[in-house]
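Q: Sequence and predicted structure are below.
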Amino acid sequence: MKIVGSGTVVASQPDTDRQSCAFSGVCVFPNGRWLCGFRGAPTKTCVGRQGSFLTRSDDEGKTWSSPIEPFVPPDLDGRRGQFRAVQPTALGGGDVLAVLYWVDASNPDLPFFNEETQGLLDSKIFLAKSNDTGQTWSKPWLIDTSPFNQPTPITGPVLKLANGELGLQFELNNHYYDRSVWRHSSVIMFSKDGGKTFPTHAIAGNDPDNRIFYWDQRPAVLADGRILDLFWTYDNQAGVYLNNHARESRDHGRTWSRMWDTGVTGQPAPAVELSDGGIGMVYVDRTAAPVIKIRTSADGGHSWPADTELQISQSMVASQTEKKATMQDAWSEMSKFSVGLPSTARTKNGDVLVIYYAGADPDHTDIKWARLRV
């Protein structure tokens, strides 16, 4: 595998509300258009002045349109909110569905994560649809995530499942002032009506002992209909990250195999199929200076040999990994990351497109892209 192109989607704009650009997602349309969503804010930890933007490229990354902010976050129960993330999914033709992560911003002085309780600001999930490859959009509609009525941060785009259904992915967190033990789970909910309702669900990742957190799930639907889900895996008792784990579903997400250890450490992107029949796993390696890498698997995602590794990004900063004794330490560490959250898609000719954020510090980050070819 080799890098055949790279560049900047959107650059940090100092002293503006797009100084910190992060949390990106991408999809590719049959006509070749690339559509990228990202969150812009003056600082990475800002709540009250964040927004979700879209930009597109019709020349395979050479140029990008000026970012637009087409989604107006509604007030809920009299509370002002902001959209913290947007992730697009190409559905076929010019149709695209965007999942939006709404966060309560009625008190902008409150941090996103409550260090005393380990709770999050109240959050909801909205969807919006476009029929013209992202040029115009419907009004966002609120999704009922019952029976999960706590904060539900999204973990990626809506899944287009092989049986024609849609899958909505998110994690479970405690309410902001809830002092009960946070019991983490990764969830996928299912829709048969194009995203209007999601009446059924499955738990994609959970440790009954609540020691291992299978968080930042990254499910991908493969050509044979199988879902391969990768997890950034954290030992909450020891305060250390473990190797990424994975599991698969062969019945459209209803039941799941046993977890397996991938042998790779680092925050993963969704797996992506390669033109030679293998599978690629893009991930952030933070064992030293943080960099974006890819490894490939020839056995369906069960092993990822070290000799297949390719470094995608260049190191911009020193190590950003700290010693952790508590969950508060883990969140503090994450707030300082200035390289991360890669997302993936396949280009029109079968190359791998990787989008990620990177910068010298967390408050000055660009959205970058790279194109890989087997």
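A: Cool, got the structure.

Q: Name the nearest residue to A85, ignoring sequence neighbours.
A: Spatial nearest neighbour of A85, chain neighbours left out: Y101 (4.2 Å); criterion: C-beta to C-beta, 6 or more residues apart in numbering. Using the backbone N, CA and C atoms, a C-beta is placed for each residue, glycine as well.

Q: what's near enough to touch P153?
A: Listed by C-beta atoms under 8 Å, 6 or more residues apart in numbering, the contact set of P153 reads 101, 120, 123, 170-171, 173.

Q: returning to that earlier point: put the alpha carbons of the helix or strand harbouring the residue nearest to A85 into PDB.
A: Assessed by DSSP states H and E, Y101 sits inside strand 95-104. Coordinates of each C-alpha in strand 95-104 appear next as PDB, following Å, rounded to 0.1, in the frame of the first residue of the first chain:
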ATOM      1  CA  ASP A  95     -29.000  10.800  -1.400                       C
ATOM      2  CA  VAL A  96     -27.100  11.400   1.800                       C
ATOM      3  CA  LEU A  97     -28.100  11.100   5.400                       C
ATOM      4  CA  ALA A  98     -26.300  13.200   8.100                       C
ATOM      5  CA  VAL A  99     -26.300  12.300  11.800                       C
ATOM      6  CA  LEU A 100     -26.000  15.300  14.100                       C
ATOM      7  CA  TYR A 101     -24.900  15.300  17.700                       C
ATOM      8  CA  TRP A 102     -26.800  17.900  19.700                       C
ATOM      9  CA  VAL A 103     -25.400  19.100  23.100                       C
ATOM     10  CA  ASP A 104     -27.000  21.300  25.700                       C
END
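
Q: residues of that strand that come out buried?
A: Buried positions in strand 95-104, judged by neighbour count with 16 or more other C-beta atoms under 10 Å: 95-104.

Q: just stretch 114-125 next, same as before
A: For stretch 114-125, by 16+ other C-beta under 10 Å, it's 114, 118-125.

Q: Name the surrounding residues that touch that stretch.
A: Contacts to stretch 114-125, defined as C-beta under 8 Å, 6+ apart, come from residues 47, 76, 79, 81, 84, 99-105, 110, 112-113, 142-143, 145, 151-154, 168, 170, 173-179, 182, 327-328, 331-332.

Q: what do you get for stretch 137-148?
A: Under the criterion C-beta under 8 Å, 6+ apart, residues 70-74, 76, 98, 100, 124-130, 152, 168, 170, 172, 187, 189, 195-198, 201 lie in contact with stretch 137-148.

Q: Which members of these occur in strands, if any?
A: In this view, those that belong to strands under DSSP state E are 98, 100, 124-130, 168, 170, 187, 189, 201.

Q: got a markdown table for the residues you listed, with pLDDT and distance to L274 too?
A: Formatted as a markdown table, the ones in strands among the contacts of stretch 137-148 follow (pLDDT from 0 to 100; distance: C-beta to C-beta, whole Å):
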| residue | pLDDT | distance to L274 |
| --- | --- | --- |
| A98 | 98 | 27 |
| L100 | 98 | 30 |
| K124 | 97 | 36 |
| I125 | 98 | 31 |
| F126 | 98 | 33 |
| L127 | 98 | 30 |
| A128 | 98 | 31 |
| K129 | 98 | 30 |
| S130 | 98 | 29 |
| L168 | 98 | 27 |
| F170 | 97 | 28 |
| V187 | 98 | 29 |
| M189 | 98 | 29 |
| H201 | 98 | 31 |
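
Q: neighbour-wise, which of those leads?
A: A98 (28 neighbours; other C-beta atoms under 10 Å).

Q: roughly how far apart are that residue and V26?
A: Counting by C-beta to C-beta, to the nearest Å, the gap from A98 to V26 is 12 Å.

Q: list the residues that contact both of those two?
A: What both A98 and V26 touch, as defined by C-beta under 8 Å, 6+ apart, is the set 37, 88.

Q: how about stretch 32-47: buried residues?
A: Using 16+ other C-beta under 10 Å as the test for burial, stretch 32-47 gives 33-44, 46-47.

Q: ok, of those residues, which one's closest to D229?
A: The closest of those to D229 turns out to be G37 (C-beta to C-beta; 21.3 Å).

Q: Tell me the bridge partners for that closest one.
A: Beta-bridge partners recorded for G37 (DSSP bridges): G25, L54.

Q: tell me, which strand in this structure spans the most residues?
A: Max-length strand for the chain by DSSP E is strand 81-92.

Q: could I get it in PDB with only the CA atoms?
A: Provided in PDB are the C-alpha atoms of strand 81-92 (Å, rounded to 0.1, in the frame of the first residue of the first chain):
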ATOM      1  CA  GLY A  81     -28.100  23.600  22.000                       C
ATOM      2  CA  GLN A  82     -25.200  23.300  19.600                       C
ATOM      3  CA  PHE A  83     -24.400  20.600  17.100                       C
ATOM      4  CA  ARG A  84     -21.100  19.100  18.200                       C
ATOM      5  CA  ALA A  85     -20.600  16.700  15.300                       C
ATOM      6  CA  VAL A  86     -21.900  15.800  11.900                       C
ATOM      7  CA  GLN A  87     -21.200  12.500  10.000                       C
ATOM      8  CA  PRO A  88     -22.500  11.900   6.500                       C
ATOM      9  CA  THR A  89     -23.600   8.600   4.900                       C
ATOM     10  CA  ALA A  90     -24.000   8.200   1.100                       C
ATOM     11  CA  LEU A  91     -27.200   6.200   0.500                       C
ATOM     12  CA  GLY A  92     -27.000   5.800  -3.300                       C
END
